[in-house]
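> Fold the stuff below for me.
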Amino acid sequence: MNDNQAKNFVKKIASEIYLNKKKELMNRDIRLIINLLIKLSILFLIIFFENKFNFYFKTLLVLLCGIIHYHFIVAIHECMHSSFFFKKKLNKTIGEVLSYLEYGIFEVFQETHINHHNTYLTKKDPDKNYYNYKKNYFKNSNKIKLILNIFLKSFPFFNFREKILRCFSFSFLNNDQINKNQKLPKFSLFKLLSLHLLLYLFIFKLSGQYQYFLYWMLPSFFISRFLSNLRITAEHGGKKEKLHASPFSARTTFNCNNNTFLNLEKTILSPYGFNFHHEHHICPYLPFVILEQVHRKLVKLNYYNLNKDKNILNSSYLNFYFKNE
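Alright, predicted model coming up:
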């Protein structure tokens with residue numbers, strides 16, 4: 001099955017499922033907002049009660065905060081494609097708020113991410129630095145070295161520098177891919193800084209002077225970025241660079257077995273159907289609740305075996321790093 005056949009095949013199935021699920025999609029917006037509010041409330045509860053716990057438990061709480069911040073980043077990704085909420089305006093509004101909470105600007109995130117889809121696996125891909133490691137790193141003997149490099153790249157210094165560049169300039173994007181008249185989002189930057197000043201003062205009043213840095217800034221800049229880089233590399237890494245963008249090489253990570261470890265991995269690394277990345281690259285506009293059904297349909301139709309790339313389906317993220325080549 002060549003690329004065009006695969007694209008038409010997946011899009012046809014996706015359209016059929018979307019039409020059948022349209023009413024269900026219209027009723028899920030409130031549930032998603034409640035889900036995000038619960039996660040935000042957990043962050044504040046952790047900050048408020050953290051003085052009651054010992055050092056080791058506090059370490060676990062910092063990790064939990066990082067997972068929640070990572071889930072917010074996944075939600076931002078869905079909002080960028082206008083596929084998180086059924087109402088399009090809600091995607092922009094919630095996407096902007098979550099982006100500010102994660103030290104980013106929604107317009108900039110969206111610009112770069114759409115460019116990633118349009119230039120995937122080429123030199124122009126703005127996200128290639130997250131998955132384009134040395135080829136020998138993807139050999140079984142060097143997977144630990146690969147994870148170590150992902151870990152080091154996730155340190156706040158590198159992440160902070162990247163966020164500053166993305167906020168102040170569009171110059172890292174390919175000039176042919178962007179609107180040259182795009183104004184710098186200075187007002188958005190002002191809102192971002194104002195929000196975090198207010199957030200710091202609120203947390204300072206609520207709990208203390210260091211809690212903002214320990215339970216908000218550190219998890220957002222480091223832990224969530226490390227989790228994001230692990231996932232990005234597992235879904236995109238190790239592929240050969242091409243002259244033209246190809247959405248067909250992104251990997252899906254899914255295992256039908258009811259395994260406790262795999263369920264935990266999915267809960268942490270792929271909320272909101274984020275693991276169905278192959279299907280997402282072919283149909284970026286599809287709501288995440290549709291992607292799993294599209295995937296199951298493709299499995300029944302033997303799509304993955306017919307596809308010329310046999311490495312587009314992983315049983316788990318960790319399997320990508322530790323399986324024998």
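> wait, what's in contact with residue 268?
Contact criterion C-beta atoms under 8 Å, 6 or more residues apart in numbering gives 67, 70, 227 as the residues in contact with residue 268. Where you see a C-beta, it was placed from the backbone N, CA and C, and this is true even at glycine.
> I'd like to know how many residues surround the first one.
What it means is residue 67. Residue 67: 17 surrounding residues under other C-beta atoms under 10 Å.
> which stretches of the chain have low pLDDT?
1-7, 22-23, 133-142, 156-184, 239-248, 255-258, 307-310, 323-325 (pLDDT under 70).
> which residue lies farthest from the center of it?
Computed with C-alpha atoms, centre = their mean, the residue of the chain farthest from its C-alpha average is residue 52, at 32.6 Å.
> What values do phi and psi take at the residue nearest the centre of the chain?
Among the residues of the chain, residue 74 comes closest to the average C-alpha position under C-alpha atoms, centre = their mean, at 4.1 Å. Geometry field for residue 74 lists phi and psi as phi -60, psi -40, criterion degrees, to the nearest 10.
> so it touches residue 271, yeah?
Yes: counting by C-beta atoms under 8 Å, residue 74 does reach residue 271; the two are 5.4 Å apart.
> Run through the strands of the stretch 51-200 of the chain in chain order.
With DSSP state E, counting those that start in this stretch, there are no strands along the stretch 51-200 of the chain.
> can you pull out the helices in it?
Assigned by DSSP state H, counting those that start in this stretch, the stretch 51-200 of the chain shows helices spanning 55-80, 88-101, 106-119, 128-131, 143-153, 156-168, 186-206.
> Relative to residue 287, which of the contacts of residue 268 is nearest.
The shortest gap between residue 287 and any of those belongs to residue 70, at 20.1 Å (C-beta to C-beta).
> who touches the nearest residue to that closest one once chain neighbours are set aside in this structure?
Spatial nearest neighbour of residue 70, chain neighbours left out: residue 224 (3.9 Å); criterion: C-beta to C-beta, 6 or more residues apart in numbering. Under the criterion of C-beta under 8 Å, 6+ apart, the neighbours of residue 224 are 66-67, 69-70, 72-73, 102.
> again, 7 Å this time
Residues touching residue 224, when contacts are defined by C-beta atoms under 7 Å, 6 or more residues apart in numbering, comprise 66, 69-70, 73.
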